[in-house]
Structures are given as C-alpha cells and as structure tokens.
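1. Sequence first, then the predicted structure:
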Amino acid sequence: MTSTFVGIDAGYENRWEAEKIALELHDTVLTTARTVVVHEVDSHFAMSFLLPVPPSDAVVNSLVAQGFGVSVRGAFSARQVGPEALRVGASTAAEAHQHRREGRALRYQGQRSLRGRHGVSDILAFTAIEVVLPRGTHTVDTRGNLTPFFRDGKLVLVID
C-alpha cells in the first residue's frame, strides 16, 4: 500500500490557529487522512496529512484558492502548488511527516479508542503511538486527548 503526504502552509504564527485549521481541513476536505500533524517551520506553523490515496486535483485547487501553499508527496512523485512563499513550508511539513522527524500529531490511528485510563501496553498495541515516556509508566489517564509527536522516526507520547 502506498501513502501520500500532503503538506499545507498558510504561514500561521500561532500553533493553536494552525491546529484549528488542520482539524477543520481534516473534517471537511481531507477526511480520509489517517494522521494529521502540525509542524514548526521557519518560525511559523504548517500542517501535514497522511492520506491513503492522493487528493484529487479539485481538492488541491480548492486549497490553493484558499491561499494555501500545498505539497503532495507520493512514493514516486512530488508536486508543489500555490503561493511560492508558502510552497517551501508545505514541502518541509510533508517531508517531516513522511520521514517522521518532527511534528505534533492531532489525529492518528487508534486515537478514538483512548478515553479514560489505559495501560501503556494497550496504547502501544492499539494505537499508532510507538513510545510512551517516561519509561516505566504503566498507565495513562488520557483526559480525553493525547497529542504525541514525532521524534527519531517514532510517534512518541510524553506523560507529564
């Protein structure tokens, strides 16, 4: 199975605004995204989406019409469209997601099942989360929302 990574940049200086827009895009036009991530790119925030298939030209054109820079990266192709100043950030976000280098995951596989208190072994077995820190943690109270991040190629959850 191939995957497509879509980076989107509008130059948001506020992380929360970028997160809000990323979730809105997931709920409206990129509904098949398996993972939604926000990245810090050159002192602003961009977003990326892991899709099972490339978005249609209509979806990409709609994003560009809204003022976004868009990068679509597949296994054998890549394209960038939209305002030139935003294409680099979109590409950087898509590449960071593809290589799992950095970024905060807002949506990921298995997230919906995480309500209440869960054992770390269950979190690791039934979600996309691959590491829970600090090591030795046995249970996690999700408080309704866990936002892991990419580090060293893995999706990592840090418990405060």
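-> Sure, I can see it. Everything quoted here is computed from the prediction, not taken from an experiment. Numbering: from 1, shown residues only.
2. quick one: the residue sitting furthest away from the middle of the chain and residue 159, what's the gap?
-> Ranking residues of the chain by C-alpha distance from their mean position (C-alpha atoms, centre = their mean) puts residue 136 at the top, at 27.0 Å. Distance, residue 136 to residue 159, using C-beta to C-beta, to the nearest Å: 10 Å. All C-beta spots, glycine's among them, are computed from the backbone N, C-alpha and C.
3. What helix or strand is residue 26 located in?
-> helix 15-28 (DSSP states H and E).
4. From the contact counts, what lies against that helix?
-> Under the contact definition 3 or more C-beta pairs under 8 Å, 6 or more residues apart in numbering; DSSP states H and E, helix 15-28 sits against strand 4-12, strand 35-41, strand 44-51, strand 104-107.
5. Who are the packing partners of the first one?
-> This means strand 4-12. Counting by 3+ C-beta pairs under 8 Å, 6+ apart, strand 4-12 packs on helix 15-28, strand 44-51, strand 69-73, helix 84-98.
6. Below-threshold pLDDT in this protein: ranges please.
-> 1, 144 (pLDDT under 70).
7. domains of it?
-> The chain breaks down into these domains under automatic domain parsing: 4-107, 111-158.
8. can you give me how far the first one is from the chain middle?
-> Read that as domain 4-107. 8 Å (C-alpha atoms, centre = their mean, to the nearest Å).
9. and that domain, how far apart are its ends?
-> One end of domain 4-107 to the other measures 16 Å (C-alpha to C-alpha, to the nearest Å).
10. Same question for stretch 29-41.
-> Criterion C-alpha to C-alpha; first-to-last residue distance in stretch 29-41 is 23 Å.
11. which parts of it are buried?
-> Going by neighbour count (16 or more other C-beta atoms under 10 Å), the buried part of stretch 29-41 is 29, 30, 33, 35, 36, 37, 38, 39, 40, 41.
12. For the first one, which non-adjacent residue is spatially closest?
-> Read it as residue 29. residue 59 (5.5 Å; C-beta to C-beta, 6 or more residues apart in numbering).
13. And the helix or strand harbouring that neighbour, what does it pack against?
-> Residue 59 belongs to helix 57-65 when assigned by DSSP H and E. Here helix 57-65 touches strand 69-73, going by 3+ C-beta pairs under 8 Å, 6+ apart.
14. Going along the chain from the strand it packs on, find the next helix or strand for me.
-> With DSSP H and E, the next secondary element past strand 69-73 is strand 78-81.
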